[in-house]
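how would this look folded up:
(one chain, ligands or ions: 1)
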Amino acid sequence: MSAPTSKPVAAPPWPGSKADGVARLELNGETVEIPVVIGTEGERALDIAKLRATTGAITLDEGYVNTGSTTSAITYLDGEKGILRYRGYPIEDLAAKADYVEVAYLLIYGKLPTSDELDSFRMSLSLHTMIHEDMRNFYSGFPRDAHPMAIVGSVVGALSTFYQDSLDVRDPRQVEVSVHRLLAKLPTIAAYSYKKSVGQPLMYPRNDLGYCENFLHMMFAVPCEEYHVDPDFAEALDMLLIVHADHEQNCSTSTVRMVGSSDANLFASISAGISALWGPLHGGANQACVEMLERIGADGGNVKKYVDLAKKKDSGFRLMGFGHRVYKNYDPRAKLIKATCDKLLAKLSIRDPIFDIAQQLEEVALADDYFIERKLYPNVDFYSGVIYRAMGIPVQMFTVLFAMGRLAGWIAHWIEMHHSPTKKICRPRQVYTGEMRREFLPITKRT
Ligand code: CMC
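Residues are numbered from 1 along each chain as shown. Coordinates of the predicted model:
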């Protein structure tokens, strides 16, 4: 037998990564050298960009469990250690010391703003909060019982019909205007989706209020009386938006990147991300989690029964707000949210039975071998709904609030992708497993 030949596979210049030797793959008697790249925190990846061209083979990875779609300098997370950092800053520091607008700036522009930069960013956002009057009319066309995520996704997509002057993905000025418009208008679009469901007039934004205060005002104020925003609510909401702001290549962010990779405009790309977020395995889990806690409460509060049910594969039931593709440790976001939840309920002297059930459920699940072996911990969605309930936010709006937070991350990734020298349209391959070529049968001969 002849010695296997070795074929080197050239690595493209993955932005920000370094070469770290080669791995060797043996295929059809040949050895192929696959470059290994390493990121700044030591994550290693086999660079298979030239694999098909060199060997004719592709890789298969359902759900992209082992697949890095890109290098990225935005968010670092270590699921084993429970670490989450935006642009190098720990989430705990950002939640304690910054507000959402500052964090959005950090994610999008890559650095913490100076005070002048932050002032002008805030000013720009406050100048774009209104939506076009014709767009307000859209809301009369949606059914009263429409899910707000459906409304928000549609209206965000429709921004590209009103702002045709800022759709050129290659013009940095147009992109920046679209970014500011989106960040400023999403709270308005979101609050109106709620107002529609309760049949109340759509409140104009108030540009003298902060980002979260203004959102709460548009949600809860009515024209016939004064509304005072509770500063504790605004503070808790701000923290929630920060912890939801980015989470690297999750389903919705990957969707935004994928849609954006075809050079679709920012509004269209973000609207697609909103659709991806809606699913109960992703952002929709916060709604599903509170509905599950309510169901457990209505069923007598026996948490053990539901933990046992979640362990039965054929039950079709999972503990919502538990488990994560990446975290195999306590989700750092869930820790921050639980602490805020404790503080807020104590301050408001609210005793929410749902919070008690959540805590009992967590205790029972974390002591159960099934959850221990699979490293299933509460995730970001487990306690967030309890805070939203305390603020009077209806359950159908929970995922919309997730979208409001995640918007900054989606934008940051969309921009990073467009700036990448290695950008390509996303177009995965497949292994075809259907019928081989066959003859077309006239309808009279088919059985
Ligand atoms: N309840 C019961 N069993 C679970 C759960 C759960 N919540 N999550 C995972 N498992 C089991 C699963 O059945 C599997 O068991 P086995 O190895 O015996 O087949 C094992 O744990 C691994 O699960 P998986 O489905 O292969 O893991 P995944 O990485 O594909 O899914 C997940 C991650 C988040 C979709 C999943 O944990 C889940 O469905 N959780 C509930 C929904 C939820 O809370 N989603 C919000 C995620 S955090 C917010 C966000 O980023 O969107």
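
what's the separation between the nearest residue to N28 once chain neighbours are set aside and I48?
Closest residue in space to N28, ignoring its immediate chain neighbours: T55 at 7.6 Å, by CB to CB, 6 or more residues apart in numbering. For the C-beta atoms, the positions are set from N, CA and C on the backbone; glycine is no exception. In this structure, T55 and I48 are 10 Å apart, going by CB to CB, to the nearest Å.

poorly predicted segments of the stretch 101-250 of the chain, please.
Counting by pLDDT under 70, the stretch 101-250 of the chain contains no low-confidence residues.

what is the neighbour count of the residue of it found nearest the ligand?
Closest contact between the stretch 101-250 of the chain and the ligand, by CB to the nearest ligand atom, is at N250 (5.1 Å). Residues contacting N250 under the criterion other CB atoms under 10 Å number 23.

secondary structure class for the nearest residue to it once chain neighbours are set aside?
Sequence neighbours aside, H282 is the residue nearest to N250 in space, at 7.0 Å (criterion: CB to CB, 6+ apart). For H282, the secondary-structure state derived from DSSP: H, G, I helix; E, B strand; the rest coil is coil.

OK, contacts around H282?
The neighbours of H282, taking CB atoms under 8 Å, 6 or more residues apart in numbering as the test, are N250, C251, S252, A276.

so which of T55 and I48 has more stuff around it?
The neighbour count for T55 versus I48, taken as other CB under 10 Å, is higher for I48 (20 against 17).

and the gap between the more buried one and T54?
Taking CB to CB as the measure, I48 and T54 are separated by 9 Å.

same check, this time on E80
As judged by CB to CB, E80 and T54 stand 33 Å apart.

between those two, which is the more surrounded one?
Per other CB under 10 Å, whichever of E80 and T54 has more neighbours is T54, with 19 against 10.

and that one, that's in a strand?
No. The assignment for T54 is helix, going by three-state DSSP, so no strand is present there.

ok, it touching V32?
Yes. With contacts defined as CB atoms under 8 Å, T54 counts as touching V32 at a distance of 5.9 Å.

circling back: counting neighbours, which of the contacts of H282 comes out on top?
S252 (25 neighbours).

contact partners for it?
Contact partners of S252, counting by CB under 8 Å, 6+ apart, are G273, I274, A276, L277, H282, G283, R406, W410.

the helix or strand hosting V307 and the ligand, are they touching?
Taking DSSP states H and E as the definition, one finds V307 inside helix 303-311. Yes. Using CB under 6 Å from any ligand atom as the criterion, contacts between helix 303-311 and the ligand involve A310.

and the contacts of that helix?
Helix 303-311 is contacted by residues 292, 296, 299, 315, 317-319, 322, 357, 360-361, 364-365, 368, 370-371 when judged by CB under 8 Å, 6+ apart.

now, which of those residues lie within helices?
M292, I296, I357, Q360, L361, V364, A365, Y370, F371 (DSSP state H).

which pair in those residues spans the largest distance?
Taking CB to CB as the measure, those span a maximum distance of 19.3 Å, between I357 and Y370.

neighbour-wise, which of the two wins?
Between I357 and Y370, I357 has the larger neighbour count (other CB under 10 Å), namely 21 against 13.

what sits against L376?
With contacts defined as CB under 8 Å, 6+ apart, the neighbours of L376 are L319, F322, G323, A365, Y370.

would it count as being in a helix?
No. Assigned with three-state DSSP, L376 falls outside any helix and is coil.

need the pLDDT of it.
According to the prediction, L376 has pLDDT 95.

before we move on, what about P4?
Among the per-residue scores, P4 holds a pLDDT of 40.

repeat for L348
At L348, the predicted lDDT confidence score is 85.

can you count the residues close to it?
The burial count assigned to L348 is 14, neighbours taken as other CB under 10 Å.

for the strand or helix carrying V243, name the packing helices and strands.
In this structure, V243 is located in helix 231-244 according to DSSP H and E. Taking 3 or more CB pairs under 8 Å, 6 or more residues apart in numbering; DSSP states H and E as contact, the helices and strands that helix 231-244 lies on are helix 91-97, helix 100-109, helix 211-220, helix 332-347, helix 381-391, helix 398-419.

could I get these as a markdown table with mean neighbour count?
What follows is those, written out as a markdown table (neighbours: other CB atoms under 10 Å):
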| stretch | mean neighbour count |
| --- | --- |
| helix 91-97 | 17 |
| helix 100-109 | 23 |
| helix 211-220 | 23 |
| helix 332-347 | 19 |
| helix 381-391 | 25 |
| helix 398-419 | 25 |
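
so C212 makes contact with M239?
No. The pair formed by C212 and M239 falls short of the contact definition of CB under 8 Å, at 9.5 Å.
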